[in-house]
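> here is the input, now give the coordinates:
(chains A and B)
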Protein chains: 2
Amino acid sequence: MPLPDIDKIISAIQSVIRPKNEGPVALHEPCFNGNEWKYIKACLDSTWVSYVGKYVDRFEEMIADYTGVRKVVVVVNGTAALQIALKVVGVKAGDEVLIPALTFVATANAVAHCGAIPHFVDSEEKTLGIAPLKLKEYLKEIARPDTSGCKNKKTGNRIKAIIPMHTFGHPVDLDPLLEISREYKLEMIEDAAESLGSFYKGKHTGNWGKLSILSFNGNKTITTGGGGAIITNDEVLGKLAKHLTTTAKIPHRWEYRHDHIGYNYRLPNINAALGCAQMEQLPGFLAKKRALAARYKQAFAGVAGVRFFREPPHAKSNYWLNALLLDEASLARRNQLLEKTNDAGIMTRPAWVLLNKLAMFQDCPCMDLSGAEDLEARLINIPSSAVLGE
Amino acid sequence: MPLPDIDKIISAIQSVIRPKNEGPVALHEPCFNGNEWKYIKACLDSTWVSYVGKYVDRFEEMIADYTGVRKVVVVVNGTAALQIALKVVGVKAGDEVLIPALTFVATANAVAHCGAIPHFVDSEEKTLGIAPLKLKEYLKEIARPDTSGCKNKKTGNRIKAIIPMHTFGHPVDLDPLLEISREYKLEMIEDAAESLGSFYKGKHTGNWGKLSILSFNGNKTITTGGGGAIITNDEVLGKLAKHLTTTAKIPHRWEYRHDHIGYNYRLPNINAALGCAQMEQLPGFLAKKRALAARYKQAFAGVAGVRFFREPPHAKSNYWLNALLLDEASLARRNQLLEKTNDAGIMTRPAWVLLNKLAMFQDCPCMDLSGAEDLEARLINIPSSAVLGE
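Below you'll find the model as predicted:
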């Protein structure tokens, strides 16, 4: 296997991004060239900046129309969205939830916020997401579906749910995961925080989970400053999710009476105004991001020791964060590349430290994670802003 | 005791608010006549709309300067602020936390979000907040301070904290509550969600709790759309609170490693931009609100059966929500007044349904709540926007 030549990799990145960018290049920055000002000004002028207002409703409708789901609930961020989705499918304190070890920490935090236990599963190179065959073998060994759900034979806990995450926007292979969910009576929630604009077998990600979630953080394909959404095709659960994200007040002209412990995770109208303007530009952002990915693909075609990661065959990806895979699993080599690029003003980053290695999750159950370990040592994200694809 | 004459009460309200307002009058609406648009536009133009940006830092500094606390952490809302404050003082699952039954549901929700149990205490007419003498007698009976803290002799749980709330902006009598906190080894957290601009014995509310919280919801004295803050004079705890409101990432050029289960409760920079503009106008808002309260006081001086609630002698209040107290404790009479005023386009509301009456909290421990019950049946809030005081 050829050793990657760091300088050649940097040249390839530069050949794509430098013609237009002399200064430092961010990993992913937002673009506000649409109706952002107009809508925010209208929102301020109406004084309806808080939780009730037309932009909240309009933003939810725009997301529903685009993704094809029946019900959308916009909230303060993706972590909050995932916590509520887990609550709504019935995850309780002490339950285990299967999540990839190779994901952003928010996936595990949301599980922990429910008092539940992340149970880390392996990922595969094909999708950068959960490895379904390996998971199936593992569950055969440690899990037993019974009348009350699925029991972890080793820990004695109930395994209640599974959260596939679409890494860097690339859809994981959902069909085999759905099959596993059915066999083991697991609720499936898609963590689509990174995959707005990504489609699995022709349908938008987030349509397979009982509920799924999106993120509109500042580094995402579209942003509301901070924000996220719960999306679902189950209108009853969607309505409950909406209610839980408020203070769970029973509608009344003046009485303040509440019927659930509410979370107050509502997205303010002013952030939703930003979201509406961003959604209008989503097709344009996606086209630019795909153009950028195509240029990277071409630039890396002849570079030894490294591969530009491309969308899996079952998917059309948003290419949220473009990713390189070093042929050789070497943290030293990876870090050398990170250092050189960042020193040169080209922002790059590795994938996340595997979550099972973090102090607060190190005692959580996990399967063999050799696939995730391998990816952790080989993955590097490179600049991916839509503007670079112009 | 004279029965209140509903029509005379309505006339008194109208004499204060109608000269300038023909249409419906809200209970509390925000006012954006300062640098809101300028700062938000600058924020958009910088593209730093998310969690890192100069407005977050500036907003925190402005709040610290104004309240006189050492450390401020701005977050998505007051509920989130209170949850983190409780975490930081060491409230654990199964602990009890003393809170007034007469408060907005968010106080109890934040306790529940920590897995802890709200323990409802009584309020008194003098301040509309916790009745300290009655509480002292109650704790003498049911609580026993020991080496590990304070034990509830009836339930066997630890009582870990007490949350005085400054009702409608009127400061509760903090000194005797501090004394009780010391005697019973309770951590005190002030719920100052409603009392930005309110002072107790010359110092801003929020300076007595180990940590305290503010809210910038759309109906508050200043607003950020949705928002809140943790304020504290303990810089170590303040720093921990800040860390927990992020994803608890350890600073590093590229590595994604986290050392706590973070909550992702950060206030986006775009909302903080709104907050900075609002803080600049706070003294003006407060002057108008006090002028409005003075006019209400005068208008109600001759109205039988009802009293306009005035700040306690130890306090200077922001008069966030102006309040009437019917002499007679009658829900029927109160509801008649609510109906007539709301029908006439004058938005009014009662205090909250006491929290111990809500389904999700009805099994929580509580003391005799006759003071709170009396206030619940007699309190009515009347229009309080700063603009009405012009």
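> show me where the stretch 51-200 of chain A has its strands.
A:71-75, A:96-100, A:117-121, A:143-146, A:149-152, A:159-162, A:187-191, A:199-200 (DSSP state E, counting those that start in this stretch).
> tell me the most buried of the ones you listed?
Ranked by mean neighbour count under mean count of other Cβ atoms under 10 Å in any protein chain shown, the strands of the stretch 51-200 of chain A are led by strand A:96-100, which reaches a mean of 28. The way it works is simple: take the backbone N, C-alpha and C, and place the C-beta from them, glycine included.
> just checking: what are the partner strands of it?
Strand A:96-100 has its sheet partners listed here by DSSP bridges as strand A:117-121 (parallel), strand A:159-162 (parallel).
> quick one on the thing from earlier: in TSV: the strands of the stretch 51-200 of chain A, plus mean pLDDT.
Shown next, in TSV, are the strands of the stretch 51-200 of chain A (pLDDT from 0 to 100):
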stretch	mean pLDDT
strand A:71-75	98
strand A:96-100	98
strand A:117-121	98
strand A:143-146	94
strand A:149-152	96
strand A:159-162	98
strand A:187-191	98
strand A:199-200	98
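> what about these, which gets the closest to A:Glu339?
strand A:96-100 (26.9 Å; Cβ to Cβ).
> give me the angle between that closest one and strand A:187-191.
Per axes from the mean of the first three to the mean of the last three Cα atoms, to 10 degrees, the angle that strand A:96-100 makes with strand A:187-191 is 40 degrees.
> now whichever residue of the stretch 101-250 of chain A sits closest to chain B, nearest residue through space, not along the chain?
Of all residues in the stretch 101-250 of chain A, the one sitting closest to chain B is A:Gly218 (2.5 Å; Cβ to the nearest Cβ). Closest residue in space to A:Gly218, ignoring its immediate chain neighbours: B:Ser50 at 2.5 Å, by Cβ to Cβ, 6 or more residues apart in numbering or on different chains.
> repeat that for A:Lys71.
In space, A:Lys71 is closest to A:Gly238, 3.0 Å off (Cβ to Cβ, 6+ apart).
> so that neighbour touches A:Ala229, yeah?
No. A:Gly238 lies out of contact with A:Ala229 (Cβ atoms under 8 Å); the separation is 10.8 Å.
> now do the shared contacts for these two.
Overlap between the contact sets of A:Gly238 and A:Ala229, as judged by Cβ atoms under 8 Å, 6 or more residues apart in numbering or on different chains, is given by A:Val72, A:Val73.
> between those two, which one's more packed in?
Using other Cβ atoms under 10 Å in any protein chain shown as the criterion, A:Gly238 and A:Ala229 rank with A:Ala229 on top: 30 against 21.
> what is the three-state secondary structure of that one?
strand (DSSP: H, G, I helix; E, B strand; the rest coil).
> what sits against it?
Here A:Ala229 is in contact with A:Glu60, A:Ile63, A:Val72, A:Val73, A:Val74, A:Val75, A:Ala81, A:Ile213, A:Leu214, A:Phe216 (Cβ under 8 Å, 6+ apart).
> and it, how far is that from A:Ser11?
40 Å (Cβ to Cβ, to the nearest Å).
> spell out which residues of the stretch 151-300 of chain A are next to chain B.
Counting by Cβ under 8 Å from any Cβ of the partner chain, the residues of the stretch 151-300 of chain A lying close to chain B are A:217-219, A:223-226, A:247-249, A:253-271, A:274.
> could you rerun that using 7 Å?
A:217-218, A:223, A:225-226, A:247, A:253-262, A:264, A:266, A:268-271, A:274 (Cβ under 7 Å from any Cβ of the partner chain).
> what residue in the stretch 51-200 of chain A comes nearest to chain B?
A:Thr79 (4.2 Å).
> number of nearby residues for that residue?
28.
> could you verify my assumption that it touches B:Asn264?
Yes. Counting by Cβ atoms under 7 Å, B:Asn264 is a contact partner of A:Thr79 at 4.2 Å.
> number of nearby residues for A:Tyr51?
What A:Tyr51 shows, counting by other Cβ under 10 Å, is a neighbour count of 21.
> residues touching it, list them.
Applying Cβ atoms under 7 Å, 6 or more residues apart in numbering or on different chains to A:Tyr51 gives the contacts A:Arg266, A:Pro268, A:Asn269, B:Gly218, B:Gly226.
> if we use 10 Å, what do you get?
A:245-247, A:264, A:266-269, A:272, B:77, B:217-219, B:225-226 (Cβ atoms under 10 Å, 6 or more residues apart in numbering or on different chains).
> domains in chain A, as residue ranges please.
A:6-29+A:281-353+A:379-389, A:36-280 (automatic domain parsing).
> on that earlier part again, my read: the residue nearest to A:Gly218 touches B:Leu44, true?
No. Between B:Ser50 and B:Leu44 there is no contact under Cβ atoms under 10 Å: 11.7 Å.
> not counting its neighbours along the chain, what's nearest A:Lys288?
A:Gly389 (3.4 Å).
> can you list the buried residues in the longest helix along chain A?
Using DSSP state H, we find that the single longest helix of chain A is helix A:269-300. Neighbour-count burial for helix A:269-300 flags A:269-279, A:281-282, A:285-286, A:288-290, A:292-293, A:295-297, A:299-300 (criterion: 16 or more other Cβ atoms under 10 Å in any protein chain shown).
> check stretch A:123-142 too.
Neighbour-count burial for stretch A:123-142 [16+ other Cβ under 10 Å]: A:Ser123, A:Glu124, A:Thr127, A:Leu128, A:Gly129, A:Ile130, A:Ala131, A:Pro132, A:Lys134, A:Leu135, A:Tyr138, A:Leu139.
> can you check stretch A:39-54 too?
By 16+ other Cβ under 10 Å, the buried positions in stretch A:39-54 come out as A:Tyr39, A:Ile40, A:Lys41, A:Cys43, A:Leu44, A:Thr47, A:Trp48, A:Val49, A:Ser50, A:Tyr51, A:Gly53, A:Lys54.
> so the last one touches A:Ile270, yeah?
No. Contact status for A:Lys54 versus A:Ile270: not in contact, 11.8 Å apart, counting by Cβ under 10 Å.
> shared neighbours of these two, anything?
Joint contacts of A:Lys54 and A:Ile270 (Cβ under 10 Å, 6+ apart) are A:Tyr39, A:Cys43, A:Trp48.
> near chain B too, which of these?
A:Cys43, A:Trp48 (Cβ under 10 Å from any Cβ of the partner chain).
> nearest to chain B, of the shared contacts of A:Lys54 and A:Ile270?
A:Trp48 (7.7 Å).
> now the closest one: closest residue in space that isn't a chain neighbour?
A:Asn269 (5.4 Å).
> ok, now A:Lys316?
Going by Cβ to Cβ, 6+ apart, A:Lys316 has A:Phe199 as its nearest residue, at 4.4 Å.
> all strands for the stretch 201-350 of chain A, in order.
Under DSSP E, counting those that start in this stretch, the stretch 201-350 of chain A gives strands at A:203-204, A:211-215, A:228-232, A:306-308, A:315-316, A:322-326, A:349-350.
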